[in-house]
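Engineer: Got a predicted model here, sequence first, then my questions.
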Amino acid sequence: MTRLVCVSNRISLPRKSAAPGGLAVGILSALKRTGGLWFGWGGETIETEPADPDIHIREGVTYATIDLRRAEFELYYNGYSNDVLWPLFHYFSKGMRYSNEQREAYENVNRIFAQKLLPLLQPRDLIWVHDYHLIPLGRRLRELGVQRPMGFFLHIPFPNIEMLRVLPCYSELLRDLTSYDVVGFQTHNDLRSFHSGIEHLFGADALRPDGRIRIGDRTIRAEVFPIGIDVAAVESEGLEASATDVVRRMTDSLVGRSLMMGVDRLDYSKGLVERFSAYQQFLETHPENLGRITYIQIAPLSRTDVRAYAEIRQALEQAAGRTNGRFADTDWTPIRYLNRNFPHATLMGFLRAAKVGLVTPLRDGMNLVAKEFVAAQDPADPGVLILSNLAGAARELSSALLVNPYDVRGVSHAIQAALSMPLNERRERHADMMKVLRRNDIAAWTRRFMEALEQTQAPESRVRAI
Ligand code: G6P
């Protein structure tokens, strides 16, 4: 039997509620289906050298976690991963702050991941590495002699070569990606960007007509695998949570007002400042809605030690305060802005209660909240999704109201259109999107990626290790 081994920086430990962000939710539901091993950082930093992994087994999934040295973690996670790669990959090159020290820590943590994972590997494992924190891990494992099929999936966007070239070590990054047998992206756009990098570094001949990439005697499959959700789970979570105290308290407090809802990690890529401005403009230009709508924005704090995140937090507090100060009444608060997280099921209950879902990132790999909003709706009376056309999810959810998140007036109009949309149009759009979500759910995503990985073992495409 082959075993699936997932590796990611952030893992969703049993008995803790899932970390916000699509990655942990996606990998957990993939692993619950297939069983296997999940290896990653345990969430703690220490002052000593990392010890051997802690192992826990729950519901067929083995969790192996390591702790990382505080100083190194700071440079690897806050520094290189989130102050260099994250802004650059989301096309915010001005937000990037590169240093060689950070890059060395990033390389070193990847080396530690490889060393600690190696003794846990079995001869028939399929290794699946997730996200930008761990791009060099495949090369490190190959250097240690691992010959098993190895895949990499990027949950965030991949930038075009002209943006990637801003990174001093962009060619190493591209080379590292070619150590994997399968490299997966969220959208065709990301794949095209990857191709632009491969062509730049290895020449156009590396891109073969069958879509594979040929570098020396290695063949790599680079493909699009848009991540999906567990549709049935979200549907039932939303329905069941509607009857819970916490969701009831929220819906009772609306006293008949329409609910508009956003759920995002507090991240500058999510477009929250622009979203707040659009809402303010909506209240200005459609005053008949004053006192008739409540916008709840849930934005759990994220990466608080990174400066750009502290800055955006301040900007949002001011923006929410400004709108409430200007429009609130003694019995009405236009924006309820919460920096806390809720269990996943509760969030699905909140989303189900919303007439409008606002998902307007400035750039996003996929955005699973958009998909969850749709699946959580009551099909008989569904709410309307307003979705940024710069989110990966917009490719699949073309029946949402698509907006440019920078276009404050456009988003404000979309809010009005959503609130006044007739029931049959809402139902049609919802049904269209549900079809897409069911066709490409989380099980399909896992299956397609694992099949691609398994196929790399076929004799004709077997790659030479190391
Ligand atoms: C995004 C990334 C994930 C990350 C998540 C939460 O979804 O693609 O890799 O785990 O955000 O961010 P955090 O920094 O808390 O892990």
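Structural biologist: Thanks, I have the structure now.
Engineer: for residue 44, what are its contacts?
Structural biologist: Counting by Cβ atoms under 8 Å, 6 or more residues apart in numbering, residue 44 makes contact with residue 67. C-beta here means a position set from N, CA and C on the backbone, and glycine is covered the same way.
Engineer: Now do the SS call for it.
Structural biologist: strand (DSSP: H, G, I helix; E, B strand; the rest coil).
Engineer: What separation do you get for it and the ligand?
Structural biologist: With distances taken as Cβ to the nearest ligand atom, to the nearest Å, residue 44 is found 14 Å from the ligand.
Engineer: repeat for residue 134
Structural biologist: For residue 134 relative to the ligand (Cβ to the nearest ligand atom), the value is 9 Å.
Engineer: so what pLDDT did that residue get?
Structural biologist: Reading off the confidence values, residue 134 has pLDDT 98.
Engineer: For the residue positioned nearest the centre of the chain, which non-adjacent residue is closest in space?
Structural biologist: With distances taken as Cα atoms, centre = their mean, the residue of the chain nearest its centroid is residue 22 (4.1 Å). In space, and not counting its chain neighbours, residue 22 is closest to residue 368: 3.8 Å by Cβ to Cβ, 6 or more residues apart in numbering.
Engineer: I'd assumed residue 229 was in contact with that neighbour.
Structural biologist: Yes. Contact criterion Cβ atoms under 8 Å: residue 368 and residue 229 qualify, at 5.8 Å.
Engineer: Local confidence estimate at the residue nearest to residue 22?
Structural biologist: pLDDT for residue 368: 95.
Engineer: Let me see the domain layout of this structure.
Structural biologist: Domain assignment of the chain by the TED database yields the ranges 4-228+444-456, 231-439.
Engineer: Mind telling me which of the ones you listed the model trusts least?
Structural biologist: In terms of average pLDDT, domain 4-228+444-456 trails the rest of those, at a mean of 94.
Engineer: For the stretch 251-400 of the chain, which segments count as strands?
Structural biologist: Here the stretch 251-400 of the chain has its strands, by DSSP state E, counting those that start in this stretch, at 258-263, 293-298, 335-338, 356-359, 384-388.
Engineer: Could you pick out the residues of the stretch 151-300 of the chain near the ligand for me?
Structural biologist: Contacts of the stretch 151-300 of the chain with the ligand, taken as Cβ under 6 Å from any ligand atom, map to 155-156.
Engineer: circling back to that earlier point, want to throw the strands of the stretch 251-400 of the chain into TSV with distance to residue 397?
Structural biologist: Shown next, in TSV, are the strands of the stretch 251-400 of the chain (distance: least, Cβ to Cβ, whole Å):
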stretch	distance to residue 397
strand 258-263	16
strand 293-298	20
strand 335-338	25
strand 356-359	9
strand 384-388	6
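Engineer: Could I get these in JSON lines, plus columns for mean neighbour count?
Structural biologist: Putting the strands of the stretch 251-400 of the chain into JSON lines (neighbours: other Cβ atoms under 10 Å) gives the following:
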{"stretch": "strand 258-263", "mean neighbour count": "23"}
{"stretch": "strand 293-298", "mean neighbour count": "22"}
{"stretch": "strand 335-338", "mean neighbour count": "18"}
{"stretch": "strand 356-359", "mean neighbour count": "28"}
{"stretch": "strand 384-388", "mean neighbour count": "28"}
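Engineer: re the thing from before, what's the burial count for the residue nearest to residue 22?
Structural biologist: By the measure other Cβ atoms under 10 Å, the count of residues near residue 368 is 24.
Engineer: Check the one 5 residues further on too.
Structural biologist: By other Cβ under 10 Å, 35 other residues sit near residue 373.
Engineer: cool, and the one 5 residues further on?
Structural biologist: The burial metric for residue 378, expressed as a neighbour count using other Cβ under 10 Å, is 14.
Engineer: Can you give me every residue that contacts it?
Structural biologist: Neighbouring residues of residue 378 by Cβ under 8 Å, 6+ apart: residue 352.
Engineer: Report the separation between the closest residue to the ligand within the stretch 151-300 of the chain and residue 334.
Structural biologist: Proximity of the stretch 151-300 of the chain to the ligand (Cβ to the nearest ligand atom) peaks at residue 155, 3.8 Å away. Using Cβ to Cβ, to the nearest Å, residue 155 is found at 33 Å from residue 334.
Engineer: go on, residue 430?
Structural biologist: Going from residue 430 to residue 334 by Cβ to Cβ gives 26 Å.
Engineer: Over to residue 385?
Structural biologist: On the measure of Cβ to Cβ, residue 385 and residue 334 end up 21 Å apart.
Engineer: Could you double-check that residue 340 sits in contact with residue 298?
Structural biologist: Yes. If you go by Cβ under 8 Å, residue 340 and residue 298 touch, sitting 7.3 Å apart.
Engineer: just to revisit the earlier point, common neighbours of residue 368 and residue 229, please.
Structural biologist: Joint contacts of residue 368 and residue 229 (Cβ under 8 Å, 6+ apart) are 25-26.
Engineer: which SS class is residue 221?
Structural biologist: Here residue 221 is recorded as strand under three-state DSSP.
Engineer: Could I get the full set of strands for the stretch 51-200 of the chain?
Structural biologist: 54-58, 61-69, 125-130, 150-153, 182-185.
Engineer: biggest helix in this structure by residues?
Structural biologist: helix 307-327 (DSSP state H).
Engineer: so it versus strand 293-298, what angle?
Structural biologist: Interaxial angle of helix 307-327 relative to strand 293-298 (axes from the mean of the first three to the mean of the last three Cα atoms, to 10 degrees): 160 degrees.
Engineer: So which bits of helix 307-327 are buried?
Structural biologist: Of all the residues in helix 307-327, those buried under the rule 16 or more other Cβ atoms under 10 Å are 308-309, 312-313, 316, 319-320, 323, 327.
Engineer: now, among these, which is nearest to the ligand?
Structural biologist: Nearest member of the buried residues of helix 307-327 to the ligand, counting by Cβ to the nearest ligand atom, is residue 309, at 9.7 Å.
Engineer: Run a quick neighbour tally on residue 94.
Structural biologist: For residue 94, using other Cβ under 10 Å, the count is 8.
Engineer: same deal with residue 361?
Structural biologist: 27.
Engineer: do the same with the one 4 residues further on
Structural biologist: Look at residue 365: counted by other Cβ under 10 Å, it has 27 neighbours.
Engineer: Counting neighbours, what do you get for the residue nearest to it when sequence neighbours are not counted?
Structural biologist: Nearest non-adjacent residue to residue 365, counting by Cβ to Cβ, 6+ apart: residue 156, 4.1 Å away. Counted with other Cβ under 10 Å, residues neighbouring residue 156 total 22.
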